[in-house]
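Sequence below, structure please.
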Amino acid sequence: MASGVHFGNSFKPGRHRSLNQSLGLTFHREDEHGNQLFLLHHWSDKIGWNFSMRKRSSREVRLLLFRSRKKICHRQRQRKKRQANAEYLQDQQKLKEMQYTETVSKWGLPRKVTLTLGANQIEAAGIPLKPPENFSLEQNSAEVIQFLEKFRTRTYREQRSLAPKSIIGRRKWIDVYIDFTQIKEISTAAALVLAAEFYRARYASRIGAPNSTSRPPGLVDFDQWQSETVQALSQLGFLELLDVNLNARNMLDANDSNRNIQQFMTGNQLNPKDVENLKDGLSKLTTGLETAGGVKFGIYDGLCEAMTNTIDHAYQFPEDLQLPYLQGQWWMTGSVNANGSEIDVVFFDQGVSIPCHLPKTKREYVEKLFRSQAANDAKMIKAAMEERRSSTNESNRGRGLVQIQNLIDHAQAGRLRILSRSGEYIYQKGEGKEGENVRSRTLKGDIGGTLIHWSLNVKSG
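Numbers count the residues shown, from 1 in each chain. The predicted structure follows:
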């Protein structure tokens, strides 16, 4: 019910026309003294107060209008805030849909999988990274390197965790997992590089990587892996790195494998204990081989030299390392074929690479060498092999990779292969051929460090 209120002569209703309309304030009539009377329609609904018909001073009117305007403005602000929040949530939903569409188009659809953690198997879901079927750096280097670059992009640049996440009311979610069921064949060198990547992803918490975790990532669909893949990675020590219980699957007998792989060794310094561990590992690796002692000592000396170079030089310029790294870290393994005639030794580090390090430490030599020709990673590795000086200028060293190259000359047949950044260098001694065979080329991707792989035929004729 409307109420008549007397506002007094000093009130000018025309100045507050919009507010009057919102309050239901309309001119009614003038009294016998010439004062204007207004009607307040549903005043109690809009303001929350009840008034009786009586005269009010101009001060009371101004106070009422101030309070009413303040309340209406507050309601308007709240309405705009709700609208802005609704628009923000709508934009966020559209952004999530776009990100999901982009992720699906780039990485594929999520899959339900079985996750093996220790001796337990649980249900999980995640988006897989599909490796090439032939996971070999010798026969399929282009696809393997491309896959490793995708793995680093997903793990570090997009900051995805390898460890499964617990989601309340849902199965565990895995940001990154490799679909090992796709691998039908895996080489020793490729397996070592992959183990080094998982090692860095798990223990990168030492350097404060935002996506690092000390928790093991586990294995996905372990029961569906190829037998050869399980055998190779289990001998390498890859499964132990992920804290997987080998009893979770019946392992094949080592004698059924076409090669015997040594469990990988890793460290970040050179001390007597590391040397002894390396010596014991190489002794087991060469058991039963008909080889000369010079080759045995050459392998040992070459690996020690590679370890020292890694510790002193590989991580010397951290500003050039775009990914998390473990200072001075190296990885080494080896394998012997079934008949004991061929031995493969692999050494890997995640440092700045030879093409990056050489121009900074041998600037004059590099400028003189490439004064009349364009430089690339392959030529840089070749220049490092030809360069005889050591960056530390120590008298008891100075051969570096050349010492490993000389090991090939003492074997009946062999090959030294170096992958560093995007370059490849091969020094090969052919069977019955005179001289050496040196080849180099530029790869389509980055190996993520420096890989030294030499193969030796040490069986006597």
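
For S395, give me the pLDDT.
Note on S395: pLDDT of 48.

what does the one 10 residues further on give?
pLDDT, Q405: 72.

so it sits right up against K429, yeah?
No. Using CB atoms under 8 Å, Q405 is not in contact with K429; the gap is 9.8 Å. Just so you know, the C-beta spots here come from the backbone N, C-alpha and C atoms, and that holds for glycine as well.

Need the residues touching each of these two.
Residues touching both Q405 and K429 by CB atoms under 8 Å, 6 or more residues apart in numbering: none at all.

Could you list the buried residues of stretch 221-229?
Buried residues in stretch 221-229, counted by 16 or more other CB atoms under 10 Å: D221, F222, W225, Q226, E228, T229.

Look up phi and psi at the fourth one.
Translated: Q226. Note on Q226: backbone dihedrals following degrees, to the nearest 10 are phi -70, psi 140.

Pull the contacting residues for the residue nearest to it when sequence neighbours are not counted.
Of all residues beyond its chain neighbours, the one nearest Q226 is K184 (5.5 Å), with distances taken as CB to CB, 6 or more residues apart in numbering. Counting by CB under 8 Å, 6+ apart, K184 makes contact with E133, N134, Q226, E228, T229.

separation between the nearest residue to I178 once chain neighbours are set aside and T153?
Distances taken as CB to CB, 6+ apart put L129 closest to I178, at 5.2 Å, once the chain neighbours are dropped. Using CB to CB, to the nearest Å, L129 is found at 10 Å from T153.

So for those two, which sits in the more crowded spot?
Counted by other CB atoms under 10 Å, L129 and T153 do not tie: L129 has more neighbours, with 18 against 14.

Run a quick check on the more buried one versus D179, I expect a contact.
Yes. If you go by CB under 8 Å, L129 and D179 touch, sitting 6.7 Å apart.

what does the longest strand seen in the chain contact?
When the chain is parsed with DSSP state E, its longest strand is strand 120-129. Residues outside strand 120-129 that contact it (CB under 8 Å, 6+ apart) are 103, 107-115, 147, 150-151, 154, 164, 171-179, 220, 248.

Tell me the strands beside that strand, with direction?
Strand 120-129 has its sheet partners listed here by DSSP bridges as strand 111-117 (antiparallel), strand 172-178 (parallel).

tell me which residues in that strand are buried?
Buried, per 16+ other CB under 10 Å, within strand 120-129: Q121, A124, A125, G126, I127, P128, L129.

And the nearest residue to L443 once chain neighbours are set aside, what's its pLDDT?
Nearest non-adjacent residue to L443, counting by CB to CB, 6+ apart: S422, 5.0 Å away. S422 is assigned a predicted lDDT (pLDDT) of 94.

next one: E143
E143 is assigned a predicted lDDT (pLDDT) of 95.

Now name the helix or strand holding it.
helix 141-152 (DSSP states H and E).
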